[in-house]
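Sequence first, then the predicted structure:
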Amino acid sequence: MPKSRPRKKGAAGTKSSQGPTVWKTLSSGRAVLAGFVLTVLVFYYRPLFGPNSSIQWDAVDVHYSAQKYFADNLLSGKLPFWSPFVFSGMPFLADPQTGAFYPLNWPFFLIGITPRAIQWEIALHCLLALAGGYLLGRDVLKTRAGALFAAIFFAFSGYFAAHSSHVGMFQAAALLPWLLWTAQRAAQSARWLPAACIVSGCIVLAGHFQTALYCFFAMALFLAADVAVRRAGWRRALLALAVSCAAAGALSCVMTLPGLELTAQSERASADYRRDPGASLVPGALLTLVSPDRYGVSEGAKYTGPQDVTQFYFYQGILLLPLALYGALASRRRLYALALAVPAIWYAFGPPAGLYRLLAWLPGFRSVRAPVHMWFVAALGLALLAGAGIDALRVRFRAPWIAAALLLIAAADLFYWNMDHNSLTYARASFQDLYGSLEERFRAVAAPVARDPLHRLYAPFNSSGFGPLNGSLDNRIEVTFGYNPLALSRYARYLEAAKGNPKLLDSLAVTAQLDLASGTFKPNAGALPRVWAPAAVSAASSKEEAAARLANLDPAREAVVERLPAATGAATVRIVNYEGDFYRVRYEAQGPALLRIAVPYFPGWRAEVDGREAQVAPVDLALTGVVVPAGSHELELRFHSTWFALGAAASAISWLAVLAWLAWSFKPTKPTAA
């Protein structure tokens, strides 16, 4: 019989070896990334482009106002170490929540911060969560289909929907898959160590300490699972963990060193959440995994759940739990996912469950509240289990349309519940309608009394009726209030004492007070000058004694000093220059005198009298005092961040070293001669 001729390569009915197949093209890295970008744009289309949409809650009150203030100062050539526009003055740049040194925020800073820019920050990090979840899933599950499902279940999960207003939390949590992906690779090859270091530093620089702490806890759990699965490499795993944590601290020194100083002086310093952390997971909230509207988060519904509406919404799609259960039963690689999900859920239940009490003895853990915030670690574990479930289904049922159909169902389901009908993801009204008009009204009401360069306005409370809770940063109006958990503890106690002794507001140089009946600011006739020389000075042996003396203090006559030597003597004072973080004062004194400056005391204020350093210390518990010599002299008081220069130098050196290490680790190798 004649031999049949072989078919040419690429002929019909055969698999071509030239050029990629359709599947290879669609599953290539570029195609996947393009698909993720398109998916995020579709998912976030309304909050990104809709005229009747806006960021809301903390995204406005904390992040927008602070980022805009920082960006505006940056573009004018100044770093705002101190701001006089909240809490009568505060070390602004020391606040980690601003994310001032987080690399991915800087493009937005340089363009200019608007409410829409904050929404783009959120969408960008959704994209990062997708890409990181896909890369991690591909390494853990060993299939692209499973990785794709894991990425979608994680990035579009209820955790991110609920925390769309918590920008720092959203950013750090979105980087968790990148941290685990680079850490696992670093545990297998040292060339990946610098990549893990960079991700670690970025997580800390995002500015939310609690989420960063949970990320590194998840990293330890994941590497332990990796060692158990591969039955080797524990030394490299420990090295990857140790180097990443050390690098996180070194790369973020520019933020953490000033931040630690601020925290030590803030109300948060005395917090101990080991017994009462607040916002622990309640069993009923787990039903939101299958019933997204259990507590009423859909548009127009009334919320009926526990505590904060943003803390108890976990929906990851109706397919998540069936696929995760199937994956847990069928997959050999389920240990990775279970190592994340089980401890995170256990911890989220708070002190009664036990793990929270145990971890509270570790450094950092006793200073964080709301253990339910660790849910993003559990969400990633559940997403990986669901990806494993898809892989198990694809093995059992060979029909390719099953995975495609399930992907469409999952995407549509998540879009409907976690974006389109979810009131947590964005506000269904414009920023102008929700905040801008109120801010304009506040600015108009304050205008008559805010024309004075040394104005300071008092209200007994902060209110959303003023616009953003830190809107005074936008308006450049000096006020006594603000919205920040890191408010200075001395200052907070002073304002509390002022409720019983209104004369303390005079000492704070409050020039106008809110009249609740008329809704306007009335001039305060008793206000003392911003710099004042009291006729008498008395000593207090401690901060507590100084606080107790506030109840009956007449600041026009007397000042209470904790550490400065006693000084008396009349003085005439004139402010010749004021720039928020700088005072130049000319005075004449018959003898050594105490000048009390109505600005909150904080380490970093430096005083000079005719170029010679003068001692600065707290006066009347919360304000700033300087003892000046007799005669006619000029006093300069300027704020310098105590730790910024050292932190910036340490961070700069660390970033240069890590980037050079990364370039060296991945430099192309020359082929060896045969």
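Perfect, I can see it now. Numbers count the residues shown, from 1 in each chain.

Isn't residue 159 up against residue 377?
No. Taking contacts as Cβ atoms under 8 Å, residue 159 lies outside contact range of residue 377: 9.5 Å. Every residue, glycine included, has its C-beta placed from N, CA and C.

From residue 73, how far out is the residue nearest to residue 74 when sequence neighbours are not counted?
Among residues not flanking residue 74 along the chain, residue 109 sits closest, at 5.8 Å (Cβ to Cβ, 6 or more residues apart in numbering). According to Cβ to Cβ, to the nearest Å, residue 109 and residue 73 sit 10 Å apart.

Show me the shaky parts of the protein.
Applying pLDDT under 70 to the chain flags the ranges 1-27, 564-569, 670-674.

Quick check: can you list the domain ranges of it?
95-259+281-420, 431-523, 531-639 (automatic domain parsing).

for those, which one ends up most surrounded?
Highest mean neighbour count among the domains of the chain (mean count of other Cβ atoms under 10 Å): domain 95-259+281-420, with a mean of 21.

Rebuild the domains of the chain as TSV, extending it with distance to residue 267.
TSV is the format used below for the domains of the chain (distance: least, Cβ to Cβ, whole Å):
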stretch	distance to residue 267
domain 95-259+281-420	12
domain 431-523	5
domain 531-639	12
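
quick one: which of those domains is nearest residue 661?
domain 95-259+281-420 (4.2 Å; Cβ to Cβ).

chain center to the closest one: distance?
Between the mean C-alpha location of domain 95-259+281-420 and the chain-wide mean there is a distance of 15 Å, by Cα atoms, centre = their mean, to the nearest Å.

okay, how far is it across it, tip to tip?
In domain 95-259+281-420, first residue to last residue: 34 Å (Cα to Cα, to the nearest Å).

contacting residues around residue 441?
residue 467 (Cβ atoms under 8 Å, 6 or more residues apart in numbering).

how about it, secondary structure?
Recorded secondary structure, residue 441: helix (DSSP: H, G, I helix; E, B strand; the rest coil).

how much space between it and residue 472?
Residue 441 is 14 Å from residue 472, by Cβ to Cβ.

how about the nearest residue to the residue nearest the centre of the chain, chain neighbours excluded?
The centre of the chain sits closest to residue 168, judged by Cα atoms, centre = their mean, with a distance of 2.7 Å. In this structure, residue 168 finds its nearest non-sequential neighbour in residue 208, 3.6 Å apart by Cβ to Cβ, 6+ apart.

thinking that neighbour is in contact with residue 163, fair?
No. Between residue 208 and residue 163 there is no contact under Cβ under 8 Å: 9.9 Å.

Name the residues contacting each of the two.
Contact criterion Cβ under 8 Å, 6+ apart; residues shared by residue 208 and residue 163: residue 169.

So residue 238: helix, strand or coil?
helix.

just to revisit the earlier point, list the contacts of the residue nearest to residue 168.
Contacts of residue 208 (Cβ under 8 Å, 6+ apart): 96, 97, 166, 168, 169, 171, 172.

Confirm the second one sits in a helix?
By that I understand residue 97. Yes. Under three-state DSSP, residue 97 falls within a helix.

mind checking how far it is from residue 163?
Residue 97 is 14 Å from residue 163, by Cβ to Cβ.

can you give me the helices in the stretch 451-600 of the chain?
472-475, 489-498, 503-507, 543-549 (DSSP state H, counting those that start in this stretch).

From the rest of the structure, what touches the last one?
Identification of contacts with helix 543-549 by Cβ under 8 Å, 6+ apart yields 490, 493, 497, 538, 540, 560, 562, 618, 620, 621.

what about 10 Å?
Identification of contacts with helix 543-549 by Cβ atoms under 10 Å, 6 or more residues apart in numbering yields 489-490, 493-494, 496-497, 538-540, 542, 553, 558, 560-562, 618-622.

cool, the shortest one as well?
When contacts are defined by Cβ under 10 Å, 6+ apart, helix 472-475 is touched by residues 64-70, 72, 80, 83-87, 92, 435-436, 439-440, 442-443, 446-447, 450, 457, 462, 466-468, 478-483.

Mind doing that once more with 8 Å?
In contact with helix 472-475 (Cβ under 8 Å, 6+ apart) are residues 65-66, 68-69, 83, 85-86, 439, 442-443, 446, 466-468, 478-479, 481-482.

starting at the chain centroid, how far to it?
Counting by Cα atoms, centre = their mean, helix 472-475 comes out at 20 Å from the chain centroid.

next one: stretch 647-661
22 Å.

how about it: buried residues?
647, 648, 650, 651, 654, 655, 658, 661 (16 or more other Cβ atoms under 10 Å).

between those residues, which is closest to residue 528?
Residue 528 has its nearest neighbour among these in residue 647, at 36.2 Å by Cβ to Cβ.

Against residue 205, how distant is the closest one?
12 Å.

who touches both of these two?
In contact with both residue 647 and residue 205: residue 255, using Cβ under 8 Å, 6+ apart.

Please give me every residue in contact with the nearest residue to residue 500 once chain neighbours are set aside.
In space, residue 500 comes closest to residue 551 once its chain neighbours are excluded; the distance is 6.1 Å by Cβ to Cβ, 6+ apart. By Cβ under 8 Å, 6+ apart, the contact set of residue 551 is 497, 500, 501.

Including distance to residue 387, could the residues you listed go into TSV?
TSV is the format used below for the contacts of residue 551 (distance: Cβ to Cβ, whole Å):
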residue	distance to residue 387
497	57
500	60
501	62
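
measure stretch 478-488 end to end?
Using Cα to Cα, the end-to-end distance of stretch 478-488 comes to 16 Å.

Can you list the neighbours in contact with that stretch?
Stretch 478-488 has contacts (Cβ under 8 Å, 6+ apart) with 61-62, 84-88, 90, 95, 97, 262-263, 265-268, 450, 455-459, 461-462, 469-470, 472, 495, 505, 508, 510, 600, 602, 622.

if I look at the closest residue to residue 622 other than its chain neighbours, how far off is residue 555?
Closest residue to residue 622 apart from its sequence neighbours, by Cβ to Cβ, 6+ apart: residue 494 at 3.7 Å. Distance, residue 494 to residue 555, by Cβ to Cβ: 11 Å.

what do these two both touch?
Counting by Cβ under 8 Å, 6+ apart, the residues touching both residue 494 and residue 555 are 504, 620.

Would you agree residue 202 falls within a helix?
Yes. The assignment for residue 202 is a helix, going by three-state DSSP.

let's have the chain start at 704 instead
Understood, numbering begins at 704; the last thing we discussed is residue 905.

contacting residues around it?
805, 806, 807, 878.

and if you look at residue 839?
Taking Cβ under 8 Å, 6+ apart, one finds 850, 853, 880, 881, 883, 884, 887, 1083, 1087 in contact with residue 839.

now do the same end-to-end measure for stretch 1327-1344.
Using Cα to Cα, one end of stretch 1327-1344 lies 16 Å from the other.

for the spatially closest residue to residue 993 that is not a sequence neighbour, phi and psi?
Distance criterion Cβ to Cβ, 6+ apart; nearest residue to residue 993, sequence neighbours excluded, is residue 1024 at 6.4 Å. Main-chain torsions, residue 1024, degrees, to the nearest 10: phi -70, psi -40.

Show the contacting residues for residue 1024.
Neighbour list for residue 1024: 992, 993, 1085 [criterion: Cβ under 8 Å, 6+ apart].

Could you measure from the nearest residue in space to residue 1301 that is not next to it in sequence over to residue 1299?
In this structure, residue 1301 finds its nearest non-sequential neighbour in residue 1212, 3.7 Å apart by Cβ to Cβ, 6+ apart. From residue 1212 across to residue 1299, the span is 10 Å (Cβ to Cβ).
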